[in-house]
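Peer 1: next comes the sequence, and after it the predicted model I'd like to discuss.
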Amino acid sequence: MSIKYPAMKNNRSGLGRLSSLGVSEPWQAPFYLPVSWLDYTSVIDSLDNLTLDWHGVFVGILTCDPDIRFRGVPRAVCRMRLKDSTFVGFTMFGDIRNLNLYKGKEVAVSGLLERFGEVFWINKATLVPQEWIGKLCPCYKGKPKVISADTVRTNILSLLDRNIESAAAFLYEKVLDNVTDTSTYIHPFESVEALLWEAHRPATLDSGKHAHDILDRAAAKYVARSLNETFSHQVCSPSLTLSKECLIQATKKRSKAIPFSLTSEQKEAVSEIIGDLSDKTMHRLLLGDVGSGKTAVYALTAAAVVDNDGRVIVLLPNKTLARQIHKEFETWWPDLRPQIILGDTASISDTRIIIGTTAVLSRPLPQADYVIVDEQHKFSRKQREQLVGDGIHLLEASATCIPRSQALLRYGAIAVSQLRECHVDKDIKTRVFEHEERVALFQGVKEAYHRGEKILVIYPRRGSTNEESESPTLKSAEDGFAQWNRLFPDMVALAHGGQDDKANNNAVQSLISGDKRILVSTTVVEVGITIPGLRYAVVVHAERFGLTSLHQIRGRLCRDGGVGHFCLYLPTTPGENSLERLKVLESSANGFDVAEKDMLQRGFGDLSANSDQQTGSGESFLPGRPVSMYYLDKEIQCFASIKQ
């Protein structure tokens, strides 16, 4: 079958703001599914034999002009007469002057019928457009300040008739081509075209939900096929041949300089990495919670590669962490002469191991044989792989990997070494504080201060001017610093991206030394930085942070063991989804669980081999709709059984 969905360039398809929702071509419009339907099928023009608390669409004639009131919440009180001459009242909230309501006009009002004394009343009343009376009205998700839900509905429905056939052709060729009996797959619908119509304009709610269920299953099949291609991706031979025996000998020799004994998990991870390095071109993820010793593992393997005439690049997300890792390499193995490359590094020495930030991406460096990317979630796929050509080994390390990597791990498309043990015993208590609990939160901070503990306070932005002007109530680190300094004079330091590197280092060092007791900061301290004795952290506007970032901030606590407190403060009332997301941290202490739940909540991006999309639902053909993990698990199992 020839598919009728020609590619359009430069958004010439006339979709307008629908493109902001992931609908880039007209043939994709039928795949932007409604999230629900308004049930306007029960039409009532008489109260004969009707019980109270009945929900439906009441049709009648307005008996007077609406009584419009603007004191308090704007609203209009209306009264209408039904066909049986029963009078029913209702209130509509908001400014209704543009709705053209007047005495004698016929209206349809959806709501719940109640009775107050002798008066019948429609509670939660909304006007029903004439074209939707007696039907199910689809509700689509819009985008705040971009395109409203009503506009989405108008535009999507206008595109269905001339694009259903092309969308059906896509399903036949890309998803259902290997389905033996298509009629069974789409039952009870007669065709894929009928299925797509029912997904938008169903005859019944059950029929619409069933159509969505079939499309969810098809989307999972489509994603599973992409993942299977990733499984089958052929890896070329390594650019440098490494002997497993030589690597083992090198790690044994180099481990003597590390000032602590490796755990059994660390030894196993080193062994797994060496096995890959000596066998094939490696792409492995080293997944370990904060404090589990990832650095020692990848540092040992890096030193072993250098000892066997290889070149290594270690890519890190910020200068502070790069300096910290460079110092550890230099302290453990000064003979390796590791060089650090930051934005202001003038020259590059002749060395076989380079440690740096993204500054290394713009420097003319010798080709590496082994690339290590620490805190992979801080880099895009293109950044992570810019240093990795054919035959170059890649090790990515993270405490909470990005959702895309988590999905690839779940389905075995990436090899993983896990570190679950920490070198110290620690117990970090995490709690979400809403605005009305701020007194209890501050009391806890004061008690921690008087116990002599160090305190970290994180804000989502650095200053209050020329930044995020759309949210003037959003608190900043500079504002917070002024407030905390008034409460604890001369004991507060400030760090954020607007300050120079030296000022931020001095701020962190003042907390480490004890000269200051509170550090107010943005996420410049999120990754990797060790502050001995830090036991208390508060994140202000926690809803503005991702789970990965929050878990990384939590990882600054109790690096030397003990009990810590991680407080997530919400100065404003959060949305239901935001609160549910933050509650994950209350119930999940390790990064692996956090990453798994983050993936389930945010989606896992595009799983195909060349994708750079790391989160969201764009990996399927259903824009904006998360892929069903239930169906995806089943489809992956199906592919696995076929391979066997």
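Peer 2: Looks like it came in fine. Because the structure is a prediction, the values reported are computed rather than measured.

Peer 1: so which residues of the stretch 451-600 of the chain form strands?
Peer 2: For the stretch 451-600 of the chain, the strands defined by DSSP state E, counting those that start in this stretch cover 454-458, 492-495, 518-521, 534-540, 562-570.

Peer 1: list the helices and strands the longest one packs on?
Peer 2: Contacts defined by 3 or more C-beta pairs under 8 Å, 6 or more residues apart in numbering; DSSP states H and E place strand 562-570 against strand 426-434, helix 438-450, strand 534-540, helix 547-554, helix 576-587. C-betas here are computed from N, CA, C, even on glycine.

Peer 1: from the strands of the stretch 451-600 of the chain, which stretch is densest packed?
Peer 2: Burial of the strands of the stretch 451-600 of the chain is given as mean neighbour count (mean count of other C-beta atoms under 10 Å); strand 518-521 ranks first at a mean of 27.

Peer 1: still on that earlier bit, Asn163: which of the strands of the stretch 451-600 of the chain is closest?
Peer 2: Taking C-beta to C-beta, strand 562-570 is the member of the strands of the stretch 451-600 of the chain nearest to Asn163, at 42.6 Å.

Peer 1: so what are the sheet partners of the closest one and their directions?
Peer 2: Strand pairing for strand 562-570, determined by DSSP bridges: strand 426-434 (parallel), strand 534-540 (parallel).

Peer 1: phi first, then psi, for the closest residue to Ser237 other than its chain neighbours.
Peer 2: The shortest distance from Ser237 to any non-neighbouring residue, by C-beta to C-beta, 6 or more residues apart in numbering, is to Gly391 (6.0 Å). Backbone torsions of Gly391, given as degrees, to the nearest 10, read phi 80, psi 10.

Peer 1: low-confidence ranges, the stretch 501-644 of the chain, go.
Peer 2: 526-529, 591-592, 595-619, 636-644 (pLDDT under 70).

Peer 1: hmm, try it at 90
Peer 2: Within the stretch 501-644 of the chain, the segments meeting pLDDT under 90 span 501-505, 508, 522-533, 544-562, 571-621, 624-644.

Peer 1: kindly report the same for the stretch 151-300 of the chain.
Peer 2: By pLDDT under 90, the low-scoring segments of the stretch 151-300 of the chain are 174-184, 220-241, 260-261, 263, 279-294.

Peer 1: what about the helices in it?
Peer 2: 182-186, 192-200, 205-231, 244-255, 264-277, 294-307 (DSSP state H, counting those that start in this stretch).

Peer 1: now the ones you listed as a markdown table including distance to Ile354?
Peer 2: Output for the helices of the stretch 151-300 of the chain, formatted as a markdown table (distance: least, C-beta to C-beta, whole Å):
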| stretch | distance to Ile354 |
| --- | --- |
| helix 182-186 | 53 |
| helix 192-200 | 53 |
| helix 205-231 | 29 |
| helix 244-255 | 18 |
| helix 264-277 | 18 |
| helix 294-307 | 10 |
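
Peer 1: any idea which of the ones you listed is most buried?
Peer 2: helix 294-307 (a mean of 25).

Peer 1: now that one - C-alpha only, PDB.
Peer 2: Below are the C-alpha coordinates for helix 294-307, written out as PDB (Å, rounded to 0.1, in the frame of the first residue of the first chain):
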ATOM      1  CA  LYS A 294      31.000   5.500  40.800                       C
ATOM      2  CA  THR A 295      34.100   7.700  40.400                       C
ATOM      3  CA  ALA A 296      36.500   5.000  41.800                       C
ATOM      4  CA  VAL A 297      35.000   2.400  39.300                       C
ATOM      5  CA  TYR A 298      35.300   4.500  36.200                       C
ATOM      6  CA  ALA A 299      38.600   6.000  37.300                       C
ATOM      7  CA  LEU A 300      40.200   2.500  37.700                       C
ATOM      8  CA  THR A 301      39.000   1.500  34.200                       C
ATOM      9  CA  ALA A 302      40.300   4.800  32.700                       C
ATOM     10  CA  ALA A 303      43.700   4.300  34.300                       C
ATOM     11  CA  ALA A 304      43.800   0.700  33.000                       C
ATOM     12  CA  VAL A 305      43.100   1.800  29.500                       C
ATOM     13  CA  VAL A 306      45.900   4.500  29.700                       C
ATOM     14  CA  ASP A 307      48.300   1.900  31.000                       C
END
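
Peer 1: which other helices and strands contact the next helix or strand after that helix?
Peer 2: Per DSSP states H and E, helix 294-307 leads on to strand 312-315 as the next helix or strand towards the C-terminus. Contact here means 3+ C-beta pairs under 8 Å, 6+ apart; on that basis strand 312-315 packs against helix 294-307, strand 353-356, strand 370-374.

Peer 1: moving C-terminal of strand 312-315, what's the next helix or strand?
Peer 2: Where DSSP H and E defines the elements, the next helix or strand beyond strand 312-315 is helix 319-332.

Peer 1: quick one, grab the pLDDT at the residue sitting furthest away from the middle of the chain.
Peer 2: In the chain, Ser85 marks the outermost C-alpha relative to the chain mean, sitting 55.2 Å out by C-alpha atoms, centre = their mean. What the model reports for Ser85 is a pLDDT of 91.

Peer 1: what's the separation between it and Gly134?
Peer 2: 23 Å (C-beta to C-beta, to the nearest Å).

Peer 1: what comes up buried for the longest strand along the chain?
Peer 2: Determined from DSSP state E, the single longest strand within the chain is strand 106-116. By 16 or more other C-beta atoms under 10 Å, the buried positions in strand 106-116 come out as 107-111, 113.

Peer 1: what's the answer for stretch 165-174, then?
Peer 2: By 16+ other C-beta under 10 Å, the buried positions in stretch 165-174 come out as 166-171.

Peer 1: got these as CSV, with distance to Gly533 columns?
Peer 2: Below are the buried residues of stretch 165-174 laid out as CSV (distance: C-beta to C-beta, whole Å):
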residue, distance to Gly533
Ser166, 63
Ala167, 60
Ala168, 64
Ala169, 64
Phe170, 59
Leu171, 59
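
Peer 1: of all these, which two lie farthest apart?
Peer 2: Ser166 and Leu171 (10.1 Å).

Peer 1: coming back round to it: can I get the helices and strands packed on strand 562-570 in a markdown table with distance to Pro623?
Peer 2: Output for the helices and strands packed on strand 562-570, formatted as a markdown table (distance: least, C-beta to C-beta, whole Å):
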| stretch | distance to Pro623 |
| --- | --- |
| strand 426-434 | 32 |
| helix 438-450 | 40 |
| strand 534-540 | 32 |
| helix 547-554 | 24 |
| helix 576-587 | 19 |
